[in-house]
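Student: Have a look at this fold, sequence not included:
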């Protein structure tokens with residue numbers, strides 16, 4: 001990112017980057033009451049960060065407690 005015209009670096013660590021066929025995807029694993037909800041502000045912002053930082057074809061959110069995998073897309 002750029003702050004006042006100067007580059008600023010920060011670290012993003014994805015839980016998993018996986019490939020299946022021709023698709024490469026990032027999978028973020030969440031647990032708890034709010035974190036697995038893709039509309040929760042912190043989760044949504046994290047997924048948007050990943051969208052811009054990683055060169056993947058898709059982003060998935062995995063709710064580990066519900067064993068539910070969700071494909072996340074932003075317009």
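Tutor: The structure has been received and is ready for your questions. This one's a predicted model, so the numbers in the text were calculated from it and none came from an experiment. Numbering: from 1, shown residues only.
Student: where does residue 37 sit relative to residue 14, distance-wise?
Tutor: 19 Å (C-beta to C-beta, to the nearest Å). Bear in mind the C-beta positions are built from the backbone N, C-alpha and C, glycine included.
Student: next one: residue 59
Tutor: Distance check for residue 59 against residue 14: by C-beta to C-beta, it reads 9 Å.
Student: The two - which one has more neighbours?
Tutor: Comparing residue 59 with residue 14 by other C-beta atoms under 10 Å, the one with more neighbours is residue 59, at 21 against 17.
Student: Run through who's touching the helix or strand containing that one.
Tutor: Per DSSP states H and E, residue 59 falls inside strand 58-63. Here strand 58-63 makes contact (C-beta atoms under 8 Å, 6 or more residues apart in numbering) with 15, 23-31, 36, 38, 43, 47, 50-51, 68-73.
Student: before we move on, what SS does the residue nearest the centre of the chain have?
Tutor: Residue closest to the average C-alpha location in the chain (C-alpha atoms, centre = their mean): residue 47, at 3.3 Å. At residue 47 the chain is in helix, as set by DSSP: H, G, I helix; E, B strand; the rest coil.
Student: Check which helices and strands the helix or strand hosting residue 24 is in contact with.
Tutor: Taking DSSP H and E as the definition, residue 24 sits inside strand 23-30. On a contact count with 3 or more C-beta pairs under 8 Å, 6 or more residues apart in numbering; DSSP states H and E, strand 23-30 meets strand 16-20, helix 41-53, strand 58-63.
Student: among these, which is nearest residue 6?
Tutor: With C-beta to C-beta, the closest approach to residue 6 among the helices and strands packed on strand 23-30 belongs to helix 41-53: 18.3 Å.
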